[in-house]
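Enquirer: Got a sequence here, can you model it:
(one chain, ligands or ions: 1)
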Amino acid sequence: MASTRAVLATARLRHPHPQTTLSLIKPISTPSKPQQPSQSLRKYTTTATTTQSSPRPARTSSKSRRIPLLVTAAILGSTIYYLASPPSRPTLLNTETFVPYTITSREAISPTSFIFTISPHAPNPSLPYLVPSTSSWRYPLWSVEFKQPQVQIARHYTPLPPHDDGQQQQQQQRQDPADGSLSFYVRAIGGGEMSTYLSRLGVGQDVWLRGPHVGFDVVARLGEMDNVVFLAGGTGVVPAMQVAKAVLDKSPEAHVTLLWAIRRREELQQQQASTVRKKQQPSWWQFWAATKNSGEPEELTAQLQHPSPIAKQLTALKEKHGQRLHIQVAIDEEQTHFRELDLQRAIISPGPPLSSSSSSSSSPRRSTSASGCRLHDSAMLELAPEFEAPAAADDCKCGRGAGKNLFLVSGPDGFVAHYAGPKRWLGGQQVQGPVGGVAARLQRRYPWLADDWLVLKL
Ligand SMILES: Cc1cc2nc3c(=O)[nH]c(=O)nc-3n(C[C@H](O)[C@H](O)[C@H](O)COP(=O)(O)OP(=O)(O)OC[C@H]3O[C@@H](n4cnc5c(N)ncnc54)[C@H](O)[C@@H]3O)c2cc1C
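Expert: Residues are numbered from 1 along each chain as shown. The predicted structure is shown next:
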């Protein structure tokens, strides 16, 4: 569809309006002068030592008078130092201050996109995004902010979920969540301050980040329902991978359809991408079949030739979860794209072919009423920001068996607006706004969708 193509062609990345970025960023704290504590400590100690080591002979009575004086001075000095010293800089990732990490690996995917891994300067097992004493992530969806120190701006980036497939781990650089290292998939935007800055950094250089910033609690929102359809544009695939992993690991009944729209094949397949493309040109006798299917997104399977690092991670997820994870890819430069019909298929008939799971017209399993529930009431969701506190046990007001299937859209603003409607500004923060775009058209055609499915815009 022409309009979809236009959106994919112009929309490059998750790109918040300047206003968005401002609202997402807490002020960048000015680091306190690091020399002060040690200077004041040294000063006091020197004075005391000098006084104590004075060789001047003195009578016993004057010496005994000096001892209480020295003790008093020492106590006074320690108190002043304790009160006057600025708190030491935190080294553990936190939401208030930026902490240093070092880039430990960097891999180009295309001329404009890359993956890089970073490790904290000071390893700490109590990472705030891990379930205590485990290597499991605490949140289904989360991001961190990086700062650009020269121009003092910060932007959000989403960590790739760690590999948990044994075979994959042997082949690739192992990333142990407990050692604090994190990997990111970033696209450098022409003229983009932060992404260009990150794209110029190499292994051994430092970056500064703060977080974790917690996104939608998708597991709590899905509740007893089983289906997630995630439409991702470009690097928006990373939150899709986070969600797929969280949901599929959590429930054996869950099913995720991931629709990934990219601009060029390099994001999916590397090494002579043009050769790969040539090989895929149909021969004359295949021409009719190819023409018939042209414009259709392709299935991602474990047999994919020359997979990019992101495709490797996707196929590993697919191998682990089998038919419970269905991945399709649309490539803008090859004129394939996700049309309304593709979304309709994914949402109306989710799940593996023989599944009797929810929402098919033959065996509907409807969610219960959600009025007044912050997790499941779609009217309340319109006013919700993308970042939220993790759900508490009593947050759901729907009663037993509650939950909603989830349709998530993640990508550049234009991409999200086309498929799910634009986000809105309310009271200085960006909120979800009403469902629009392709999703709203589907809701009008199938009114029950609005009851069964929540639409989340990232
Ligand atoms: C929760 C969250 C998670 C994110 N995760 C990731 C991630 O994992 N990986 C990632 O690469 N990005 C991610 N982003 C987007 C990222 O935060 C930045 O917005 C992006 O890198 C651009 O920032 P910049 O400073 O380079 O560009 P800016 O300096 O903000 O923009 C500079 C110029 O480029 C234009 N521009 C910016 N973005 C685009 C675009 N997409 N298309 C066309 N023009 C554009 C602007 O209009 C402006 O004129 C995420 C955003 C959010 C909110």
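Enquirer: Give me the neighbour count for the closest residue to the ligand within the chain.
Expert: Proximity to the ligand, evaluated over the chain using C-beta to the nearest ligand atom, is greatest for G192 at 2.2 Å. Using the backbone N, CA and C atoms, a C-beta is placed for each residue, glycine as well. A total of 17 residues lie near G192 under the criterion other C-beta atoms under 10 Å.
Enquirer: For it, what are phi and psi?
Expert: Note on G192: its backbone torsions stand at phi -80, psi 120 [degrees, to the nearest 10].
Enquirer: for R345, same thing?
Expert: Main-chain torsions, R345, degrees, to the nearest 10: phi -60, psi -50.
Enquirer: What segments of the stretch 201-350 of the chain are helices?
Expert: 218-222, 237-250, 273-279, 287-293, 309-321, 340-348 (DSSP state H, counting those that start in this stretch).
Enquirer: If you count neighbours, what's buried in the next helix or strand after the last one?
Expert: In the C-terminal direction, the helix or strand that comes right after helix 340-348 (DSSP states H and E) is helix 378-381. Residues of helix 378-381 classed as buried by neighbour count (16 or more other C-beta atoms under 10 Å): 378, 381.
Enquirer: tell me what helix 378-381 is packed against?
Expert: strand 453-457 (3 or more C-beta pairs under 8 Å, 6 or more residues apart in numbering; DSSP states H and E).
Enquirer: hmm, the strand it packs on in reach of the ligand?
Expert: No - no part of strand 453-457 sits near the ligand under the criterion C-beta under 6 Å from any ligand atom; the closest distance found is 10.9 Å.
Enquirer: ok now do the closest residue to M241 other than its chain neighbours, which residues does it touch?
Expert: With C-beta to C-beta, 6 or more residues apart in numbering as the measure, P161 is the residue that lies nearest to M241, at 5.4 Å, once sequence neighbours are left out. Listed by C-beta atoms under 8 Å, 6 or more residues apart in numbering, the contact set of P161 reads 137, 241-242, 245, 313.
Enquirer: P212 too?
Expert: Residues in contact with P212 (C-beta under 8 Å, 6+ apart) are 93, 95, 128-129, 139, 142-144.
Enquirer: From T235, how far out is it?
Expert: In this structure, P212 and T235 are 18 Å apart, going by C-beta to C-beta, to the nearest Å.
Enquirer: neighbour-wise, which of the contacts of P212 leads?
Expert: Using other C-beta under 10 Å as the contact criterion, the top neighbour count among the contacts of P212 goes to S143, which has 25 neighbours.
Enquirer: does that one belong to a helix or a strand, and which?
Expert: strand 142-148.
Enquirer: Run through who's touching that strand.
Expert: By C-beta under 8 Å, 6+ apart, the residues outside strand 142-148 that reach it are 24-25, 28, 93, 98, 129, 153-159, 182, 193-194, 197-198, 207-215, 239, 242.
Enquirer: After that strand, heading C-terminal, what element do we hit next?
Expert: Moving toward the C-terminus from strand 142-148, the first helix or strand encountered (DSSP H and E) is strand 153-157.
Enquirer: Can you name every helix or strand that that next one contacts?
Expert: helix 18-24, strand 142-148, helix 193-200.
Enquirer: which stretch in those is the model least sure about?
Expert: Comparing mean pLDDT across the helices and strands packed on strand 153-157, the lowest value falls on helix 18-24: a mean of 37.
Enquirer: ok, now how distant is the residue nearest to D206 when sequence neighbours are not counted from R210?
Expert: Counting by C-beta to C-beta, 6+ apart, D206 lies nearest to P100, which is 5.1 Å off, once chain neighbours are set aside. P100 sits 11 Å away from R210 when distances are taken as C-beta to C-beta.
Enquirer: between these two, who's got more neighbours?
Expert: Neighbour comparison, P100 and R210: the larger count goes to R210, with 22 against 14 (by other C-beta under 10 Å).
Enquirer: Please tell me how far the more buried one sits from T158.
Expert: Here R210 is placed at a distance of 14 Å from T158 (C-beta to C-beta).
Enquirer: just W425 next, same as before
Expert: When distance is defined by C-beta to C-beta, W425 is 22 Å away from T158.
Enquirer: Compare these two (neighbour count), which wins?
Expert: Using other C-beta under 10 Å as the criterion, W425 and T158 rank with T158 on top: 26 against 14.
Enquirer: ok, G204 touching S105?
Expert: No - checked against C-beta atoms under 8 Å, the pair G204 and S105 is beyond contact range at 10.4 Å.
Enquirer: Neighbour count: those two, which is higher?
Expert: Between G204 and S105, counted using other C-beta under 10 Å, S105 has the larger neighbour count: 14 against 9.
Enquirer: Report the secondary structure state of the more buried one.
Expert: Following DSSP: H, G, I helix; E, B strand; the rest coil, S105 is assigned to strand.
Enquirer: Is it in contact with F116, as I believe?
Expert: Yes - with contact defined as C-beta under 8 Å, S105 and F116 form a contacting pair (6.7 Å).
Enquirer: before we move on, back to that, strands paired with the strand holding S143, and their directions?
Expert: Based on DSSP bridges, the strands next to strand 142-148 in the sheet, each with its direction, are strand 153-157 (antiparallel), strand 206-214 (antiparallel).
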